[in-house]
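Chemist: next input, structure requested:
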Amino acid sequence: MKTAQTHTLGRFSRTLLAGALLAGLSMPALAEFDVAGNMSLVSDYRFRGVSQTYKLPAVQGGIDLTHSSGLYVGTWASNVTEKLYPNGAALEMDFYGGYKWAITDAFTLDLGGLYYYYPGSYYLNADGAKGNKPNNFELYAGLSWNWLSLKYSHNMTNFFGLEDSKNSNYIDLTASYPIMDKLTLVAHVGHQKVKNYSDLDYTDYKLGVVYDLSGWNLGAAFVGTNAKEEFYTIGEADGSTKAIAKNTVVLSVSKSF
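Modeler: Okay, here's the model as predicted:
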């Protein structure tokens with residue numbers, strides 16, 4: 001004989017079953033998301049050919065969340081030198097998101113935005129007062145074909161805190177060509193244009209190889225620019241200087257997971 005308690009338990013069981021079914025129905029949607037991470041150690045963090053770590057090593061890492069529709073968001077971080085980004089944490093944190101989709105079997109289009117954040121960092125004005133922050137925001141559009149990619153980035157803010165430099169832009173062409181099993185040739189050329197500061201314009205280039213060693217990527221690349229040395233040199237208190245856009249070799253170890 002069914003009692004009131006039996007009816008109550010029955011309704012409770014059906015509620016649990018309905019919840020489980022709803023949860024089950026939502027699982028395919030959740031399965032459409034993919035999470036991937038990366039970490040690396042580099043002998044010098046070069047951003048568009050210019051050292052961000054005073055020609056010293058950097059530890060870097062990031063995480064990406066992508067959806068089967070092509071939408072994605074991610075974040076990435078690296079140590080930087082306080083000589084370029086003073087009064088802060090000597091840290092760069094990037095936040096980005098966009099939409100990527102295949103136009104054809106060979107061509108892929110990528111549209112998105114990227115925000116460079118330097119926690120606590122700011123520059124001092126000539127009178128010693130607190131000035132602009134180096135935080136920077138860009139919109140970008142990229143087109144890739146198999147192992148070749150072309151990307152254009154456009155500044156929506158002042159270029160890393162430089163006064164009256166909004167609408168600066170950068171264009172780069174990169175090739176990652178597999179020359180043999182586990183060995184990839186990487187070649188790159190890019191041009192940075194700084195709005196209203198033509199002396200800061202320059203072209204950067206890179207040529208290197210990446211070897212896949214059981215999931216660990218070992219890299220070595222020659223990196224250089226034609227930047228005017230007098231505008232890309234950091235001075236020390238003792239009068240010494242260091243050119244941060246000169247040609248160099250960058251070694252790296254990275255891992256994706």
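
Chemist: residues in contact with the residue lying closest to residue 58 once chain neighbours are set aside?
Modeler: Once flanking residues are discounted, residue 58 sits nearest to residue 45: 3.8 Å by C-beta to C-beta, 6 or more residues apart in numbering. (Glycine included, C-beta is placed from N, CA and C.) The contact partners of residue 45, by C-beta atoms under 8 Å, 6 or more residues apart in numbering, come to 51-53, 58, 60, 78-80.

Chemist: mind checking which helix or strand residue 109 is in?
Modeler: Of the helices and strands defined by DSSP states H and E, residue 109 is found in strand 107-117.

Chemist: what lines up beside that strand in the sheet?
Modeler: strand 91-102 (antiparallel), strand 136-145 (antiparallel) (DSSP bridges).

Chemist: Serialize the ones you listed to a markdown table and add fields for mean neighbour count.
Modeler: Below are the strands paired with strand 107-117 laid out as a markdown table (neighbours: other C-beta atoms under 10 Å):
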| stretch | mean neighbour count |
| --- | --- |
| strand 91-102 | 16 |
| strand 136-145 | 17 |
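
Chemist: pLDDT weak spots in the stretch 1-150 of the chain?
Modeler: 1-31 (pLDDT under 70).

Chemist: break down it into its strands, ranges please.
Modeler: Residue ranges of the strands in the stretch 1-150 of the chain, as given by DSSP state E, counting those that start in this stretch, are 33-42, 46-47, 50-51, 58-67, 71-79, 91-102, 107-117, 136-145, 148-155.

Chemist: check the offset of the longest one from the chain's centre.
Modeler: What that stands for is strand 91-102. 7 Å (C-alpha atoms, centre = their mean, to the nearest Å).

Chemist: identify the residues contacting it?
Modeler: Strand 91-102 has contacts (C-beta under 8 Å, 6+ apart) with 52, 62, 69-80, 85, 108-119, 140.

Chemist: can you rerun that using 7 Å?
Modeler: Strand 91-102 has contacts (C-beta atoms under 7 Å, 6 or more residues apart in numbering) with 52, 70-80, 108-119.

Chemist: over to the fourth one?
Modeler: Counting contacts by C-beta under 7 Å, 6+ apart, the residues outside strand 58-67 that touch it are 32-42, 45, 72-79.

Chemist: again, 6 Å this time
Modeler: Outside of strand 58-67, the residues that reach it under the criterion C-beta atoms under 6 Å, 6 or more residues apart in numbering are 32-42, 45, 72-76, 78-79.

Chemist: show me which of those residues are buried.
Modeler: 38, 40, 42, 45, 72, 74-76, 78-79 (16 or more other C-beta atoms under 10 Å).

Chemist: now, which of the residues you listed sits nearest residue 211?
Modeler: Within those, the smallest distance to residue 211 is 14.2 Å, found for residue 40 (C-beta to C-beta).

Chemist: the closest one touches residue 254, doesn't it?
Modeler: Yes. Using C-beta atoms under 6 Å as the test, residue 40 is close enough to residue 254 to be in contact (3.6 Å).

Chemist: what count of nearby residues applies to the residue lying closest to residue 42 once chain neighbours are set aside?
Modeler: Closest residue to residue 42 in three dimensions, ignoring its sequence neighbours and counting by C-beta to C-beta, 6+ apart: residue 252, at 4.5 Å. Applying other C-beta atoms under 10 Å, we find 20 residues neighbouring residue 252.

Chemist: residues in contact with residue 252?
Modeler: 40, 42, 219.

Chemist: residues in contact with the first one?
Modeler: Taking C-beta under 6 Å, 6+ apart as the definition of contact, the neighbours of residue 40 are 60, 252, 254.

Chemist: among those residues, which one sits closest to residue 197?
Modeler: After measuring these against residue 197 - C-beta to C-beta - the closest member comes out as residue 60, at 28.0 Å.
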